[in-house]
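Engineer: this one's sequence-less:
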């Protein structure tokens with residue numbers, strides 16, 4: 001057996017002591033699960049709607065009701081206070097919630113992980129005709145840095161903090177309009193590749209995508225391995241050559257009191273239909289259980305552990 005296989009079996013065998021925040025016992029059947037997603041038209045919202053359709057098509061289980069939100073920070077707060085049962089969130093924000101760090105005044109106790117479903121690519125783009133060629137040159141300039149309550153705003157703030165930029169809390173659609181109009185000098189986004197709104201903008205306006213891979217090491221030193229080095233490939237957005245940047249996982253989360261058998265059934269749909277779920281979110285991504293269990297400081301739900309044990313034996 002490989003060391004990776006041993007490691008995975010240890011993770012699966014850690015059981016109730018290390019991985020679970022709670023285990024739902026016998027309970028009444030769950031009829032509706034509210035899923036906190038993100039803004040209408042965004043990738044989380046698209047994923048949530050695709051998941052709702054997939055669960056409905058499976059012919060069993062509860063109805064999944066996607067809820068439009070500001071995204072990651074907002075989603076975790078709603079999960080913690082019981083407004084929703086399921087949520088999507090970026091890994092760095094979920095880790096902040098688990099540790100009671102930065103946006104969260106105390107550790108979240110009602111948040112558990114089902115899977116790491118895909119990786120966000122951090123985009124920092126400026127007009128190609130402008131003078132900015134690196135993030136440090138944005139000092140004093142207005143930057144569209146993600147909507148309030150979003151995970152984009154968290155990673156943008158961490159990258160831009162030292163640059164002393166004028167961060168504007170704008171969602172993706174507003175950010176695109178502002179960059180096109182010239183009211184901001186740069187746009188920050190964290191999402192799949194390609195992100196349709198940015199691909200459309202790149203066809204209208206020559207863009208420069210700034211490399212951010214030099215920030216991965218310092219971010220990992222301060223915040224842990226939720227940040228990884230990834231590459232925007234040549235060809236996407238019309239890029240002539242690859243651009244190194246920051247990768248951040250996305251987690252599907254649940255309250256620990258969602259029944260374990262409901263979560264196990266939900267994950268079976270997720271892994272059976274992952275191509276449909278990711279089609280509109282990120283091109284070329286795969287969802288595999290051996291990567292899905294990598295949820296850092298966020299403990300796995302009892303039903304998730306049951307599902308992964310059924311996969312690995």
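Structural biologist: Nice, I can see it. Because the structure is a prediction, the values reported are computed rather than measured.

Engineer: give me the low-pLDDT residue ranges for the stretch 201-313 of the chain?
Structural biologist: Applying pLDDT under 70 to the stretch 201-313 of the chain picks out residues 284, 313.

Engineer: which parts of it are helices?
Structural biologist: Ranges of helices in the stretch 201-313 of the chain, per DSSP state H, counting those that start in this stretch, are 216-223, 260-272, 274-278, 289-292, 302-312.

Engineer: mind giving me the packing neighbours of the longest one?
Structural biologist: Just to be clear, that refers to helix 260-272. In this structure, helix 260-272 makes packing contacts with helix 43-57, strand 112-127, helix 302-312, judged by 3 or more C-beta pairs under 8 Å, 6 or more residues apart in numbering; DSSP states H and E. All C-beta spots, glycine's among them, are computed from the backbone N, C-alpha and C.

Engineer: state the mean pLDDT of the second one.
Structural biologist: Which is strand 112-127. Per-residue pLDDT over strand 112-127 has a mean of 97.

Engineer: hang on, the earlier thing: can you add distance to residue 263 and give the helices and strands packed on helix 260-272 back as JSON lines?
Structural biologist: Formatted as JSON lines, the helices and strands packed on helix 260-272 follow (distance: least, C-beta to C-beta, whole Å):
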{"stretch": "helix 43-57", "distance to residue 263": "12"}
{"stretch": "strand 112-127", "distance to residue 263": "6"}
{"stretch": "helix 302-312", "distance to residue 263": "3"}
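
Engineer: can you tell me which of these is most buried?
Structural biologist: For the helices and strands packed on helix 260-272, average neighbour numbers computed from mean count of other C-beta atoms under 10 Å are highest in strand 112-127, which has a mean of 24.

Engineer: could you point out which element follows it?
Structural biologist: strand 142-144 (DSSP states H and E).

Engineer: would you mind pulling the contact partners of whichever helix or strand comes after that following strand?
Structural biologist: Later in the chain than strand 142-144, the nearest helix or strand by DSSP H and E is helix 151-160. Outside helix 151-160, the residues that touch it by C-beta atoms under 8 Å, 6 or more residues apart in numbering are 71-73, 89-90, 92-93, 96, 102-103, 120, 122, 124, 135, 138, 143, 145-147, 167, 169, 188-191, 212, 215, 219, 223, 246, 248.

Engineer: redo that, cut-off 7 Å
Structural biologist: 71-73, 89-90, 92-93, 103, 122, 135, 138, 143, 145-147, 167, 169, 188-190, 212, 215, 219, 246, 248 (C-beta atoms under 7 Å, 6 or more residues apart in numbering).

Engineer: and if you look at stretch 212-229?
Structural biologist: Contacts for stretch 212-229 (C-beta under 7 Å, 6+ apart): 91-92, 95, 122, 124, 135, 158-159, 244-249, 296.

Engineer: so which of those wins on neighbours?
Structural biologist: Counting neighbours by other C-beta atoms under 10 Å, the top entry in the contacts of stretch 212-229 is residue 91, with 29 neighbours.

Engineer: residue 119 against residue 251, yeah?
Structural biologist: No: assessed by C-beta atoms under 7 Å, residue 119 is found out of contact with residue 251, at 11.1 Å.

Engineer: just give the nearest non-adjacent residue to residue 50, would you?
Structural biologist: residue 277 (4.8 Å; C-beta to C-beta, 6 or more residues apart in numbering).

Engineer: who's in contact with the one you found?
Structural biologist: So, once contact is read as C-beta under 7 Å, 6+ apart, residue 277 ends up touching 47, 50-51, 54, 270.

Engineer: just give me the closest of those residues to residue 85.
Structural biologist: residue 51 (12.7 Å; C-beta to C-beta).

Engineer: rewinding a little: wait, which of the helices and strands packed on helix 260-272 is closest to residue 64?
Structural biologist: Comparing the helices and strands packed on helix 260-272 by their distance to residue 64 (C-beta to C-beta), the top pick is helix 43-57, with 4.1 Å.

Engineer: need the contact partners of that closest one.
Structural biologist: For helix 43-57, contacts defined as C-beta under 7 Å, 6+ apart pick out 35, 37-39, 61, 64, 66, 68, 71, 88, 191-192, 266, 269, 273, 276-277, 280-281.
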